[in-house]
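Enquirer: sequence? don't have it. structure:
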């Protein structure tokens, strides 16, 4: 910079412009535009003068800024784009870069920005020095030994500061300092791994607080790098790998990434290898859990097989009476249950053997030749694909003639190999994949192999991805058919749900009037019928118990399936009510397990819909109303909702109306209970009166000697006692709280007089009364005394209402329009006369 100034701004300037750009205001505003400021600066140096060409932009924000994070992130991206745009400015030839963080006044961030700027300048100067022709090493300044800036001292200082500052709680600033420390710590630095570990821990801490995905990703990367710096025998390395396992598992739970799961499995395999035999139980089970998860996500049978093997090994280490015996025992049982399902799904029927015919010998010989040719043709040989294709044709011919299972198996294997050897955009590859789909379908029809069905589904998914939108109808339905078949064979509810979704998508591509409209319409109708039958089976108690033994019921998917079936079933359809009933049953099952409020709400809504769907005299409607009564009562217990209580009373009234006279005792008792509850909650006198009346009616229907006589008698006594006891309680309460009664009257009067004029003529005497006089008249009035006497017979709510009525009536006033004459007394005259 000094040289540039001394040269009177003629020599090339190697300094850098430090541009602090605030994010608190709109950076696109013309007055805030970075390019405008830099352009203005450059215009001051005209002609032969030069200006610094390097620009280092530091985003800033006020420490107390209330700028939302989304806005700040958007402006930061805009600023980065603006910085990149400077590099394309041909007029000024700027070389711009941007600090990766945001400066909010923290010294740590300022230090990080300064160090990165100095490093950038130093590297640029060093590069320029050695790029100049005839560079003389003897001319290198002392601070450039051997042609580059020595950063070891700076690195050590920065590392120590990062370690100390790590105790502070300004995470953003400390993490930025950590990145800077890592930037300045050479790869060969003996303590670089400590910076990696510390920075990863801080990123993990911020992730736990804010849930930023990028923090977790960076923590994983840093933990990997730290582990690579350590020797295999370093005890700390085992801790680092365990933490890396934990971070990866957290990310896997968020993303279901198979890559993460595979790395978890790899880490746990390594942990198993270095764990001594007596301490392996927990490590064996951790690896088994990961492999079981892999099977659940990918269907790889060897994963579940290995998981079973590991669980057995763990059980051997923890025999009965061992404190950890239950854990491997339960895990093993869970994995074995999964294995039994897999073995059942993959069981193939026995195939009949076919005798060769004499005329097929030549074809057999040709196939044998083709197999030999393929065996000796390397994968990278240009003729391998033609040989493979020819062999496929021969095998197809023999398979069509004889139907040998082994031919079909080999066809499928070869078709796979052919497709894998072709470029993805090869047109012939699409034909090969379609033929592979057909062969797999053929084998599936014979063997019912779920593996084949899953591969068919995979192929059809891939076909769907590469099919343009207008031509997708048939491809969507092909995939939907395979998923529908998967549900039929394996009972996977999510498969049928997806088949629904695909058929609906196909239907939207082929609306009414389209030549292919009938195909998706018929498929959708077929899937709906399957769904209704499936819901019926799933709702069957015996089938429900069987499903529970086989595997856990995916209630969420079943419920989603039921909702979809109900959506597409018109209310006039004969299966509408059964579908609705089954859906209610599944929602009830989930509510019993998880007690979700929204499930109970939906059950009540559906029950209302079911009751409205039926005619009033339909016998089944009584059962629906009884169930609705039960669900409303459950919700009322949880929420104390007066609306629910009123619905319960309405439902029970309706049930009472439709109950024949001899059988009404129970219905009367239920309605009376609800009315008694309403009286208890709301103090409505007519409710308890009606409850007493209903119980008297019930007692008449159940004279002495009837089974329900004692019940009706006891409830009648209870309700009468409640009615009398409630009045006694109110009398006792009122008589002991006269001070509260007077306070309520004063509050009501105070509120009322604020609404009336300050002076009023008291009509009985014709006197002009101010505010105090108005109140005094009321307190000496019969109405006031009557309020005090009536209070003993009213509860608090009724007392307040009566006070307000009396006060409003007493302080009523009229406003008359009058033109004041010259000889009439004014308000002042009236006041003087009163004084």
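Expert: Cool, the structure landed. Predicted model only: the values in this text are computed from it and were never measured.
Enquirer: and residue 26, how many neighbours?
Expert: Neighbour count for residue 26, taken as other C-beta atoms under 10 Å: 12. Where C-beta positions appear, they are placed from N, C-alpha and C, glycine not excepted.
Enquirer: Mind jotting down where the strands sit in the stretch 451-600 of the chain?
Expert: Under the criterion DSSP state E, counting those that start in this stretch, the stretch 451-600 of the chain carries no strands.
Enquirer: In which helix or strand does the residue nearest to residue 676 when sequence neighbours are not counted reside?
Expert: Take residue 676 and drop its neighbours on the chain: the residue closest to it by C-beta to C-beta, 6 or more residues apart in numbering is residue 691, 4.6 Å away. Secondary structure from DSSP states H and E places residue 691 in helix 685-701.
Enquirer: List the buried residues for that helix?
Expert: Neighbour counts over helix 685-701 (16 or more other C-beta atoms under 10 Å) mark 687-688, 690-695, 697-699, 701 as buried.
Enquirer: Let me have these in TSV, extended by pLDDT and distance to residue 175.
Expert: Shown next, in TSV, are those (pLDDT from 0 to 100; distance: C-beta to C-beta, whole Å):
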residue	pLDDT	distance to residue 175
687	89	64
688	88	67
690	89	69
691	88	68
692	88	73
693	88	74
694	88	71
695	86	72
697	87	76
698	85	74
699	82	78
701	84	78
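Enquirer: quick one: low-confidence parts of the stretch 151-300 of the chain?
Expert: For the stretch 151-300 of the chain, applying pLDDT under 70 flags the ranges 151-170, 299-300.
Enquirer: Sorry, wrong one. I was asking about the stretch 501-650 of the chain.
Expert: Scanning the stretch 501-650 of the chain for pLDDT under 70 picks out 539-553.
Enquirer: and for the helix holding residue 691, what are the contacting residues?
Expert: Helix 685-701 has contacts (C-beta atoms under 8 Å, 6 or more residues apart in numbering) with 661-662, 664-665, 668-669, 671-673, 675-676, 678-679, 708-709, 712-713, 715-716, 719-720, 722-723, 726.
Enquirer: Kindly provide the distance from residue 76 to residue 58.
Expert: To residue 58, residue 76 is 12 Å away according to C-beta to C-beta, to the nearest Å.
Enquirer: just residue 298 next, same as before
Expert: With C-beta to C-beta as the criterion, residue 298 and residue 58 are 47 Å apart.
Enquirer: Same check on residue 454?
Expert: Distance of residue 454 to residue 58, computed by C-beta to C-beta: 54 Å.
Enquirer: So for those two, which residue has more residues nearby?
Expert: Neighbour count, other C-beta under 10 Å: between residue 454 and residue 58, residue 58 has more, with 20 against 17.
Enquirer: what about residue 759, neighbour count?
Expert: Residues lying near residue 759 (other C-beta under 10 Å) number 14.
Enquirer: wouldn't it be in contact with residue 773 here?
Expert: No. The criterion here is C-beta atoms under 8 Å, and residue 759 misses it with residue 773 at 9.1 Å.
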